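Participant: Structural data only, the sequence is not supplied:
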């Protein structure tokens, strides 16, 4: 596609529920990143994929968070047993060659846990 | 651990002024540095990418410089316009296999 696409743009869920956030990167980009951004803060790294594999998942806050990229393109971020503290904007980015090249971001998914 | 700091946190200027936004990073062994713009409630738009071997990059009224050895970058905006109002974020990459590390951003308001 023309840019990085994230769906849904907004998600409201009840505490304790499971959510999935989707990212469709720019076609041909091998690297895909998930970040989380709270109000007034810079994006905080969660996980980085190179192809199908997670090259770095050191930013995932706990085992309730999991992400997959089974075919090396679309990625899904999965959050189990959501908590109010998970409320944030979840941003996805892709780049052609990981940290060697320019990263392009999607519009984000605003997650609100009530 | 790489840390990125942006100063000032917020800036308000009258239309037409030239301005400079600052970014500093603790580990100077970076591979590249990228400046982004973020409008309220939106994602990040890439403005400029500077490779570690470069000193500056220009795009229109924007000029970004990099002094890798001192761990600093500046974003210069010429002849500011109200449409430039946004948050500007700086991010660095330490290698091809590490993610971008971001500062908290500078919130810019250009007053007509």
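Facilitator: Everything's here; your move. Remember, it's a predicted structure, so these values are computed and weren't measured experimentally.
Participant: Need the nearest residue in space to residue 64, chain neighbours excluded.
Facilitator: I went with chain A, as the question did not name one. Spatially, and ignoring its direct neighbours in sequence, residue A:64 is nearest to residue A:80 (4.7 Å; C-beta to C-beta, 6 or more residues apart in numbering or on different chains). C-beta coordinates here come from the backbone N, C-alpha and C atoms, glycine included.
Participant: Chain B was what I was after
Facilitator: residue B:48 is the one closest to residue B:64 (C-beta to C-beta, 6+ apart), at 4.4 Å.
Participant: same question, residue A:57
Facilitator: That would be residue A:47: by C-beta to C-beta, 6+ apart, it lies 4.6 Å from residue A:57.
Participant: check contacts around residue B:70.
Facilitator: Listed by C-beta atoms under 8 Å, 6 or more residues apart in numbering or on different chains, the contact partners of residue B:70 are residue B:28.
Participant: Can you give me the distance of it to residue B:22?
Facilitator: 12 Å (C-beta to C-beta, to the nearest Å).
Participant: Kindly report the same for residue B:33.
Facilitator: From residue B:33 to residue B:22 the distance is 12 Å (C-beta to C-beta).
Participant: Then residue A:103?
Facilitator: For residue A:103 relative to residue B:22 (C-beta to C-beta), the value is 21 Å.
Participant: The two: who's more crowded?
Facilitator: Set residue A:103 next to residue B:22 and count neighbours by other C-beta atoms under 10 Å in any protein chain shown: residue A:103 wins out with 26 against 15.
Participant: And that one, its phi and psi?
Facilitator: phi -100, psi 140 (degrees, to the nearest 10).
Participant: Beta-bridge partners for it, please?
Facilitator: Legend: beta-bridge partners of residue A:103 under DSSP bridges are residue A:95.
Participant: now do the one 10 residues further on
Facilitator: For residue A:113, the beta-bridge partners are residue A:13 (DSSP bridges).
Participant: what about it, neighbour count?
Facilitator: With other C-beta under 10 Å as criterion, residue A:113 counts 19.
Participant: now residue B:102
Facilitator: With other C-beta under 10 Å as criterion, residue B:102 counts 23.
Participant: Same question for residue A:2.
Facilitator: Neighbour tally, residue A:2, other C-beta under 10 Å: 6.
Participant: Quick check: buried residues in the helix or strand bottoming out on mean pLDDT in chain A?
Facilitator: Least confident helix or strand, chain A: strand A:53-56 with a mean of 91, by mean pLDDT, DSSP states H and E. For strand A:53-56, a neighbour-count test (16 or more other C-beta atoms under 10 Å in any protein chain shown) marks A:54-56 as buried.
Participant: what about that strand and chain B, touching?
Facilitator: Yes. Strand A:53-56 reaches chain B (C-beta under 8 Å from any C-beta of the partner chain) through A:55-56.
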